[in-house]
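[1] Only the shape, not the letters, is given here:
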């Protein structure tokens, strides 16, 4: 396919609404049945589903209990993410199996099968006592729902049952057992906490006393005196612990400053030692040197003027020259002294750095030795601090728990008692019908698009370019009231106009003139290739072309039926077998067309592929092309036969015919691939038997209607 056609296919929108509507239109009957079945199931579910009632009670779960002693706030105040976890924990407690057991025991639900029968579970067989209790608990948990709204501490307890009175009775029982269970847990927790804290307090006291004795004993044996600003702080936080450490810190700062000064002095000396005296920045920046240089410049200027006016032997010239030489010597001496001062500065900083390094090394040794002895001391000190904090916190908590013992505080309170529900919550007719309708629509759409996905028939002419990657030469509408041959006799019929446009497309498909030989083939039988061959031959003859129509299907020939010609004993098969001449094998087509001729298939050979093998067909077409403007061959189907591949290699152009709705993409693509591999020149495809209304794409055939009686307005 040409590149512009490929680009046109790629530029198509991802969602083709027209194609979607066509898919729905083609499958409308089955989709209607699916939708009707789902709606019927929805109505049936409304009629047979049991009525379920739901009762609701509610409790308030506070994160802060009422203050009695003043310490309860600190124990129960929760905020942020912990508040959400606290409320969710309470919800999980309501849903727990232990809570269901309390409700069952308080109402006596496991005493007999009445509760299970009211819930629609039925009586329990076998070991009734144990199995009934398990079934009751499972039923309670399955029909319970807890509603916790966002940003609210009111928890709704909902229970569903087929009996309205039973629903509100169990919902209220859940609320009452939640409140009483919360109080019981607080009593149990307080008693357990008091006993536990008492034991832990005695252990913590013994550990604190032992750690303090160990700390004091080690400090005496190691001769360590804590002279820092905070004895209970650790080594890093409390600062220097002795004079050795303080001296080391101060001396280390001086040592760092000396290292910096030495580095700078050494850099200055390295630069001064390797550079010329008069280029040193220190020499040039010196005030005395600047005055000497200025004086030398003035003497040089005077000396130059005297030499211009006097001879070199003149006393004045000699005197000024001596002054200039003496001044030069002074300048060199002064510059040398400046460089020596830089060297002396470097040596001084070097000695200072060496002396400080030795002192720092000495103090480091003393400090490290002291730190080694302090490691164990710090360990013991931290152990004392930890034990003291633990003992104090346990003591404080023990006092609080002892004071709170016996005070009944509860953070869960009743908000609403459940009332007997008046209307069932299930089934809901409107919702059931809506869900059934929606499900039916979804299933119908899934069926339609799955069928379209699996059924890869070429239904729309646009599928030729998008699926087969071939140019579309034209579309032939389906003929319902008559035969195609009869419609072709009418120059104003839709099928005549369609084949005329196809003929025009064939003429314009080459820039080198009309093809001399054209093969018409299809993937399988019954797709309209014989009708297309006849219509094209007739069309070219009508515009003055000399046409030869050859029935090249040597297995099931059919063109003689279109022309009402008796099957002859001479034709293509005898001509290829060289048992007859071209003059004997060619007949006039008739029907008032003197420039149209027909070559029947002749006797059917046992193996047509052998007749088409080699260059026999190509040689025959070359010999006949001199006498005809175009030769049209009605070839056999491509699939499962080798005839079409031999013929497509012998002709100049091949036209591929596919029937709308019957030529499947898998089989059609395989046929096109075989023709391509045989080096056939596929100039395009023709879609036949196209009924746009059946495919859902609208009145495509109106394109071919032309009423000659209408005014050309």
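    Looks like it arrived, so ask away. Remember, predicted model here, so these are calculated numbers, not experimental data. Numbers count the residues shown, from 1 in each chain.
[2] centre of the chain versus the biggest helix by length in the chain, how much separation?
    Secondary structure assigned by DSSP state H gives helix 315-404 as the longest helix of the chain. Relative to its parent chain, helix 315-404 has a centroid offset of 60 Å by C-alpha atoms, centre = their mean, to the nearest Å.
[3] Strands of the stretch 151-300 of the chain, start to end?
    Here the stretch 151-300 of the chain has its strands, by DSSP state E, counting those that start in this stretch, at 154-161.
[4] Which parts of it are helices?
    For the stretch 151-300 of the chain, the helices defined by DSSP state H, counting those that start in this stretch cover 164-222, 235-238, 243-274, 281-285, 287-309.
[5] just so I know, which of those helices lies nearest residue 331?
    Nearest to residue 331, of all the helices of the stretch 151-300 of the chain, is helix 287-309, at 5.1 Å by C-beta to C-beta. Every C-beta, even on glycine, is put in place using the N, C-alpha and C of the backbone.
[6] now the longest helix of the chain: mean pLDDT?
    Averaged over helix 315-404, pLDDT sits at 75.
[7] what's that helix packed up against?
    When contacts are defined as 3 or more C-beta pairs under 8 Å, 6 or more residues apart in numbering; DSSP states H and E, helix 315-404 sits against helix 164-222, helix 243-274, helix 281-285, helix 287-309.
[8] other SSEs contacting the second one?
    Going back to what we said before, that points to helix 243-274. Secondary-structure packing of helix 243-274 (3+ C-beta pairs under 8 Å, 6+ apart): helix 315-404.
[9] what's the angle between the helix it packs on and helix 164-222?
    Between the axes of helix 315-404 and helix 164-222, defined by axes from the mean of the first three to the mean of the last three C-alpha atoms, to 10 degrees, the angle is 130 degrees.
[10] Start the count at 232 instead of 1 going forward.
    In the new numbering, first residue 232, that becomes helix 546-635.
[11] Helix 546-635: what's the following helix or strand?
    Downstream of helix 546-635, the next assigned helix or strand under DSSP states H and E is strand 643-647.
[12] What average pLDDT does that next one get?
    pLDDT averaged over strand 643-647 gives 88.
[13] tell me the contacts of residue 785?
    Counting by C-beta atoms under 8 Å, 6 or more residues apart in numbering, residue 785 touches 803-804, 832-833, 835-836, 839, 842, 867, 874.
[14] Neighbour count added to these, as TSV?
    Converted to TSV, the contacts of residue 785 look like this (neighbours: other C-beta atoms under 10 Å):
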residue	neighbour count
803	28
804	23
832	25
833	23
835	14
836	17
839	22
842	19
867	24
874	22
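[15] of those, closest to residue 253?
    If you rank those by distance to residue 253 using C-beta to C-beta, residue 867 comes first, at 32.3 Å.
[16] before we move on, the earlier item: could you give the angle of the longest helix of the chain to helix 518-540?
    Using the same axes, to 10 degrees: helix 546-635 against helix 518-540 is 160 degrees.
[17] Tell me where the stretch 632-781 of the chain has strands.
    Secondary structure of the stretch 632-781 of the chain (DSSP E, counting those that start in this stretch): strands at 643-647, 703-708, 748-753, 778-782.
[18] Tell me how many other residues surround residue 325.
    20 (other C-beta atoms under 10 Å).
[19] that older thread, specify which member of the contacts of residue 785 is nearest to residue 714.
    Nearest to residue 714 among the contacts of residue 785: residue 832, at 21.1 Å, using C-beta to C-beta.
[20] Leaving out the residues flanking it, which one is nearest to the closest one?
    Once flanking residues are discounted, residue 832 sits nearest to residue 788: 3.8 Å by C-beta to C-beta, 6 or more residues apart in numbering.
[21] circling back to that earlier point, what's the closest of the contacts of residue 785 to residue 650?
    residue 867 (84.3 Å).
[22] For the closest one, report the pLDDT, please.
    pLDDT, residue 867: 90.
[23] in which helix or strand would I find it?
    Using DSSP H and E, residue 867 falls within no helix or strand.
[24] Return the residues in contact with it.
    So residue 867 contacts 752, 783-787, 839, 874-875 (C-beta under 8 Å, 6+ apart).
[25] any idea how far residue 479 lies from residue 591?
    Noted for residue 479: a distance of 7 Å to residue 591, by C-beta to C-beta, to the nearest Å.
[26] Name the residue in those two with the higher neighbour count.
    Using other C-beta under 10 Å as the criterion, residue 479 and residue 591 rank with residue 479 on top: 21 against 18.
[27] Touching stretch 651-666 from outside, list them.
    By C-beta under 8 Å, 6+ apart, the list of residues contacting stretch 651-666 reads 270, 273-274, 276-277, 280, 282-286, 391, 395-396, 398-399.
[28] Now list the buried members of the residues you listed.
    270, 273, 277, 283-286, 391, 395, 398-399 (16 or more other C-beta atoms under 10 Å).
[29] and of those, the nearest to residue 696?
    With C-beta to C-beta as the yardstick, the closest approach to residue 696 among these comes from residue 270, at 40.7 Å.
[30] so the closest one, which of the three states?
    The local conformation at residue 270, judged by DSSP: H, G, I helix; E, B strand; the rest coil, is helix.
[31] Which residue lies closest in space to it, excluding its sequence neighbours?
    In this structure, residue 270 finds its nearest non-sequential neighbour in residue 667, 5.3 Å apart by C-beta to C-beta, 6+ apart.
[32] Can you get me a residue count around the one you found?
    Residue 667, neighbours per other C-beta under 10 Å, totals 21.
[33] Next one: residue 344 from residue 350, what distance?
    Distance, residue 344 to residue 350, using C-beta to C-beta: 10 Å.
[34] nope, residue 316 is what I meant
    Distance from residue 316 to residue 350, by C-beta to C-beta: 33 Å.
[35] circling back to that earlier point, adding distance to residue 717, write the helices of the stretch 382-531 of the chain out as TSV.
    Listed next are these as TSV, based on distance: least, C-beta to C-beta, whole Å:
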stretch	distance to residue 717
helix 395-453	77
helix 466-469	110
helix 474-505	113
helix 512-516	116
helix 518-540	124
